[in-house]
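Engineer: Generate coordinates for the sequence data below:
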Amino acid sequence: MMTPAEIEALFTRADGSYAFARWGRPIAPIVFGVEDSTLATVKGAIEAVVTLAGHQMAETDPELGSNLMVFFFRDWDELMGVPDLDRLIPGLDPLLARLKAADASQYRAFRFDDQGAIQACFVFLRMSGAMAKLPAETLALTQAVQAILMWGDSAFAETSPLAVIPDSGATILRPDIAGVIAAAYDRMMPVAAADPSHALRLFARLQAPIDPPAGDPGPTKH
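Structural biologist: Numbers count the residues shown, from 1 in each chain. Predicted coordinates:
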């Protein structure tokens, strides 16, 4: 089981502040730039993680139509031609310039409601280099985990949220991370928090390891 300090680190920003948020509405995903087979894998991973959290999915969001948008592409310049994207993400042009200059492979942008809960998430994945070599199942589950909560800047910088079962080679969500996600969506927990004491409340709710989503398509799979 994770310690309170380890949980706190998962939601600590680069400036040392604590910042947690979870979704406050059903998640309505849409995926751009992939074939149908990969589309099913990505949506299956999102559904598996949402189910683990005890949250809900929806066909549409009343305000945005889709509130979890996942973009796959090969070059950051491709996003310049996406209609109305600059309305959803203010300062899109300078942001893309910074990401391109940094040779970034991914980026997530969140929007929040009046209570501080996640209202929308935009996931950008540049499929080149190491990113392009990842199995679709691994990539999909990793992104689903990183979109279900607003994690700290370096939450998974050194350690992946996934693990590989030695006997089968299947990729699964780490039980400790699964436990944190389930605890974060406890109905008695707040949708957003800025005080590190929130990590202690998460710790108190951690139960026995939860069966994580496994590596093949299906209701509890990628």
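Engineer: hey, C-alpha coordinates of the strand ranked longest in the chain in PDB?
Structural biologist: If each strand of the chain is counted by residues according to DSSP state E, the longest one is strand 118-126. In PDB, the C-alpha atoms belonging to strand 118-126 read as follows (Å, rounded to 0.1, in the frame of the first residue of the first chain):
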ATOM      1  CA  ILE A 118     -12.800  18.400 -14.300                       C
ATOM      2  CA  GLN A 119     -15.200  19.600 -17.000                       C
ATOM      3  CA  ALA A 120     -13.200  18.600 -20.000                       C
ATOM      4  CA  CYS A 121      -9.800  17.100 -21.000                       C
ATOM      5  CA  PHE A 122      -7.900  17.400 -24.200                       C
ATOM      6  CA  VAL A 123      -5.200  14.800 -24.900                       C
ATOM      7  CA  PHE A 124      -2.600  15.300 -27.600                       C
ATOM      8  CA  LEU A 125      -0.400  12.500 -28.700                       C
ATOM      9  CA  ARG A 126       2.400  12.900 -31.300                       C
END
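Engineer: Quick check: buried residues in the helix or strand that comes right after it?
Structural biologist: Using DSSP states H and E, the helix or strand that directly follows strand 118-126 along the chain is helix 130-133. Residues of helix 130-133 include none that count as buried (16 or more other Cβ atoms under 10 Å). All C-beta atoms are positioned from the backbone trio N, CA, C, and that covers glycine.
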